[in-house]
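In: I'd like to go over a predicted model; first the sequence, then the structure.
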Amino acid sequence: MRVEKEKMVLDRGFSYLLLLAFFFLILFSTNSFAQDPSDTLAPESVTNVDAFDTPNDNGHSITVSWELSSDDGAGKNNVVVYEVYRSDSPEGKFEKRGMVPAGENTFEDQGAKEKDNANYLPSHKNFYYRVRAKSDGLFSDSEISLPAYAYGQWYHTGKTPVLVAVILFSVFAITFITLARKGKLFYIRPLAGIEAVDDAIGRATEMGKPILYIFGLGTADMIATIASFTILSRVAKKTAEYQTPILIPCYDSVVMAVAQETVRAAYLEAGRPDMYKEENIFFLTSMQFAYVAGVNGIMLREKPATNFYLGKFYAESLILAETGSIAGSIQISGTDEIAQIPFFVAATDYTLIGEELYAASAYLGREPVLLGTLKGQDWGKAVVIFSLILGALAASFGFQFFINLFRIQL
Amino acid sequence: MRRSVPLLIVSITGFFMLIQYFIPLEESEWLYERILDWIIVIGCFAMLLGLWSLTYVSVNKVKRKVPGWGYNLVALSGLFFMLIVGFVPGQESLVRGSAFMHLFEYVYIPIQASMFSLLAFYIASAAYRAFRARTVLATILLVSAVVIMLRLVPLGPLSGINQWLANFILTVPNMAAKRAFWIGVGLGATATALKIMLGIERTYMGRD
Amino acid sequence: MDLYDQMMNLDRRWVYLVIGLVVTITAILPFKVPLYITPEVRSVYNFIESLEPDDVLMIGVDYAPEVMAELHPMSYAITRQCFSRDIKLLLCCLHQNGPGMVEQVIAQVSKEYDKVNGEDYVYLGYKPYPGITILAMGQNFRIPFPEDYYGTTLDSLPMMKKLTNFDDIKAIINISGGSGTEYWINYANGRYNAKLAIGVTGVMTSDYYPFLQSGQIFGLIGGMKGAAEYEDLAEKGGYISREKDQLWAFKSMPIQTTTHIVVILFIVLGNVGYFMSKRKKYGKYEHP
């Protein structure tokens, strides 16, 4: 027993010795075999950690900036990432909010605005930040930043170029409207598509056939659809005078409701409220190609004398227009959907391209006030062209300042 | 009064939406989101209006046996059949394998796809009629169209030149024209919005 | 009506007949079309090649059945390439008729590669108002999509544990047949700096070249031709194979080629008729 015990003690002594040797070996090896002693050292910590409210937001985000660690891109050059930690008190527990790769010196701590969200970041509450410079496994923490709180802004400074453009453009428009009200006459270039509207309605009357008016797939809030309502009003007044029925199959039920109201009022104004038939302005379907099938069916059965396609159109444009052409109708189209314009140009008789659609109501009414806005638009275009030329020159000669004037943040 | 109240609502809402765009505050976001919710709610109710309109017009035509009333009957039966299948009790309609999804996959998808493929025929006939070298501009249009179309055709050694030319047309003149178009549309849209907000353009309310 | 007038005013039904015949004949008797791979398609392919296993790629599928001929091949080829490289996929749909499309793709391809829902891919489902949805996803995927398409809360899906917003995914590929693409460009790329590539229909392609030039998108797969180029690359990479009938757009290229030639011939025919009849009318040397 005793011998055995002694042996055990010896054994244990031996294993301690081995452990010690192993320990020294490791110490020795790390000190002498490593290629670069800096690998074992944590990178220098970052300095000047600054936390501040993120500008131009709703008040649930704080931006943290810092000066790069001296070991980032220089020195030991071993920084891999920066981790950003946040706490609501300098002594409190810091939790990790995110990280950015070496070389970056800002981080946006974007919180959620919903209270029940795990990521919620309250406004007007102080937070403290700390940035950790990390290499493989080793790290060093910065000093804790001064407190910062998030708050919402009343004005988005990044959108200033938009504001300036809106104001400038409004000034142009209002100036020309005022001039028009005072009796100044403006010349506008004739548009073939608009000139054709009256003839097209006359033709329908002669033939005793209806007119088909299509809004396309747009919803009532789109500018193209709104422009189309204004044209419809003029067209409907004419059809009421000529006693020609107008058919309007709709894709969107809100559009249908507005179209019914527009046509009803136009008939009333033309003194023919008895002619108005609500069932001629009806909802078909909100499925693109089912709608096309429905409208094509109407075209081939009713053989309308004139088809108007004014509004927002997508892939259905050509199928509608070709079917209309097969049915032998005169066709007037207009859209601001650029991809569909070639199809309309190829398959219909007249096409209003983009802004011409918007301008159509001014053309049809020939009211000086509406023409005034067109003149304002022209001036707006002149400013754009001038800025484009200046911008191209500035970009070519490296005047970044001028280009930055037009930069917009969303 | 009947005119000025709606006009006032339009103006106020329009200006609010314009100003809202420049205010990042949470409260302004909140209002914006509520307005979007409104649009959805109005859209849902309007859907009922549409359903009513479709049913009313179709039933009337079927009842009066106007020419082509058979089509209205088909539309009505399709509408209600799909509606009923969507409401089969004890079955989620929007999951794989449901009767509703079967109808979607095996009836709706093929019909949509075949309607769309009509485009191939119509593009051919429209191109045949439209691309005539009547004027210098029409000739330029014609030539560029042919160059772009030839992109898809193997031309042997000429392929490289054609690819380059097609690429040039797409990225230089095409893009320049498109940008000009968008600038015009942008200004036109702003002008239209302004006209509506200032109450100058009110034909959409029915009267000049 | 003489021959030239007839050439000029051909009944459109002849055009339809010829197109129909040519499509059918080419479909029955296909031939191989050499493809020129455009750099904008190659850059999408190469980007996915550069990803490591377990990286997450997002695919926004925004199209309805009518454009599936052009866009489905892109979705399939990209999904297959990703799954064979063990890249994880996050899918969402911002088109009202699109959810069924995503279902088709993911149901089939995940089965082919034994990929598990929630671990290897997550399908977020459909939300209306693409602009608002994309903006919200930029903050956190859980805001617009608290649950995935199948009704599971996102936090309980293993793959979603490390994913908060666009910062956590390598790139977004938006395959779209509508105007949703602009929202991806303006918000996902513009507002949140997400790396973005797009796949669109042939008609839309030329609209998006400006964004390629400005660097807002890093790749553009345009229409059937773009899809065929992608399939060609994916086949050479060994991700899809002809034997398994996985090259659909590529298979349609002969049809595209022949129909384009026919359209060009019709245009030539119309123009010859136009010129000859004009010449006859005004004499050889006289012009109006």
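Out: Perfect, I can see it now. Numbering: from 1, shown residues only, chains lettered A, B, ... in the order given.
In: pretty sure A:Glu316 is touching A:Met287, no?
Out: No - look at A:Glu316 against A:Met287 with Cβ atoms under 8 Å: they stay out of range, at 10.7 Å. Placement of C-beta: from N, CA and C, glycine included.
In: show me where the chain has strands.
Out: Went with chain A since none was named. Ranges of strands in chain A, per DSSP state E, are A:47-53, A:61-67, A:81-87, A:95-101, A:106-110, A:128-134, A:139-141, A:211-216, A:246-250, A:281-283, A:306-312, A:330-335, A:350-353.
In: meant chain C actually
Out: According to DSSP E, the strands that chain C contains are C:56-62, C:88-93, C:121-126, C:171-176, C:196-200, C:219-222.
In: Is the fifth one positioned near chain B?
Out: No - Strand C:196-200 stays clear of chain B (Cβ under 8 Å from any Cβ of the partner chain), getting no nearer than 13.4 Å.
In: Which other helices and strands does that strand contact?
Out: Where contact means 3 or more Cβ pairs under 8 Å, 6 or more residues apart in numbering or on different chains; DSSP states H and E, strand C:196-200 is packed against helix C:39-49, helix C:68-84, strand C:171-176, strand C:219-222, helix C:223-236.
In: still on that earlier bit, which stretch in the strands of chain A has the least confidence?
Out: The minimum mean pLDDT among the strands of chain A belongs to strand A:95-101 (a mean of 83).
In: Spell out which residues of the stretch 151-288 of chain C are next to chain B.
Out: So the stretch 151-288 of chain C meets chain B at C:206-207, C:209-210, C:213, C:225, C:253, C:256-257, C:259-264, C:266-267, C:269-271, C:274-275 (Cβ under 8 Å from any Cβ).
In: What's the PyMOL line that selects buried ones from these?
Out: To isolate the buried ones among those in PyMOL, judged by 16 or more other Cβ atoms under 10 Å in any protein chain shown, type:
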select buried, chain C and resi 206+207+209+210+225+253+256+257+259+260+262+263+264+266+267+269+270+271+274
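In: Close to chain A as well: tell me which of the residues of the stretch 151-288 of chain C next to chain B qualify.
Out: Within these, those near chain A by Cβ under 8 Å from any Cβ are C:Ser206, C:Asp207.
In: end to end, how far does stretch C:192-209 reach?
Out: Using Cα to Cα, to the nearest Å, the gap from the first to the last residue of stretch C:192-209 comes to 21 Å.
In: got the contact list for residue 132?
Out: Unless you meant another one, I'm taking chain A. Shown in contact with A:Arg132 (Cβ atoms under 8 Å, 6 or more residues apart in numbering or on different chains): A:Tyr82, A:Glu83, A:Val84, A:Tyr85, A:Phe139, A:Ser140, A:Asp141, A:Ser142.
In: wait, I meant chain C there
Out: Listed by Cβ under 8 Å, 6+ apart, the contact partners of C:Ile132 are B:Leu36, C:Pro144.
In: ditto for C:Pro30
Out: C:Lys251, C:Pro254.
In: Distance of it relative to chain A?
Out: To chain A, C:Pro30 is 26 Å away according to Cβ to the nearest Cβ, to the nearest Å.
In: and that residue, backbone torsions?
Out: In this entry, C:Pro30 is assigned phi and psi values of phi -70, psi 160 (degrees, to the nearest 10).
In: sorry, back to before: counting neighbours, go ahead and name the busier of A:Glu316 and A:Met287.
Out: The neighbour comparison of A:Glu316 against A:Met287 (other Cβ atoms under 10 Å in any protein chain shown) goes to A:Glu316, with 27 against 19.
In: now the strands of chain A in a markdown table, with distance to B:Val107?
Out: Formatted as a markdown table, these follow (distance: least, Cβ to Cβ, whole Å):
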| stretch | distance to B:Val107 |
| --- | --- |
| strand A:47-53 | 56 |
| strand A:61-67 | 49 |
| strand A:81-87 | 54 |
| strand A:95-101 | 49 |
| strand A:106-110 | 46 |
| strand A:128-134 | 58 |
| strand A:139-141 | 61 |
| strand A:211-216 | 25 |
| strand A:246-250 | 22 |
| strand A:281-283 | 22 |
| strand A:306-312 | 27 |
| strand A:330-335 | 30 |
| strand A:350-353 | 35 |
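In: Kindly report the domain assignment for the chain.
Out: As the question left the chain open, I've gone with chain A. For chain A, automatic domain parsing gives the domain ranges A:47-141, A:157-183+A:370-404, A:192-366.
In: my bad, the chain I had in mind was chain B
Out: B:1-77, B:88-130.
In: does any part of the last one sit near chain C?
Out: Yes - among the residues of domain B:88-130, B:94, B:96, B:101, B:104-105, B:108-109, B:112-113, B:115-117, B:120-121, B:123-125, B:127-129 lie within reach of chain C under Cβ under 8 Å from any Cβ.
In: how far is that domain from where the chain is centred?
Out: Mean-position distance between domain B:88-130 and its chain equals 17 Å (Cα atoms, centre = their mean, to the nearest Å).
In: can you list the weak-confidence ranges in the chain?
Out: No chain was given, so I picked chain A. A:1-40, A:410 (pLDDT under 70).
In: wrong one, chain B
Out: B:1, B:94, B:96, B:204-208.
In: Now the residue of the stretch 1-150 of chain C found nearest chain A. Nearest residue, chain neighbours left out?
Out: Of all residues in the stretch 1-150 of chain C, C:Glu66 sits closest to chain A, at 5.6 Å by Cβ to the nearest Cβ. Using Cβ to Cβ, 6 or more residues apart in numbering or on different chains and skipping the chain neighbours, the partner closest in space to C:Glu66 is B:Phe116 (3.8 Å).
In: do the same with A:Arg132
Out: Closest to A:Arg132 by Cβ to Cβ, 6+ apart is A:Glu83, at 4.3 Å.
In: Give me the neighbour count for the one you found.
Out: By other Cβ under 10 Å, neighbour count at A:Glu83 equals 17.
In: Touching, it and A:Lys96? I think so.
Out: Yes - using Cβ under 8 Å, A:Glu83 is in contact with A:Lys96, at 5.8 Å.
In: For chain C, just list every one of the helices.
Out: C:3-8, C:12-28, C:39-49, C:68-84, C:99-112, C:130-139, C:180-183, C:202-205, C:209-213, C:223-236, C:248-282 (DSSP state H).
In: Out of these, which is closest to B:Ala189?
Out: helix C:180-183 (14.5 Å; Cβ to Cβ).
In: Please name whichever of the domains of chain B is nearest to A:Gly158.
Out: domain B:1-77 (9.2 Å).
In: about what we covered before: which of the contacts of A:Arg132 are buried?
Out: Neighbour counting by 16+ other Cβ under 10 Å classes A:Tyr82, A:Glu83, A:Val84, A:Tyr85, A:Phe139, A:Ser140, A:Asp141, A:Ser142 among the contacts of A:Arg132 as buried.
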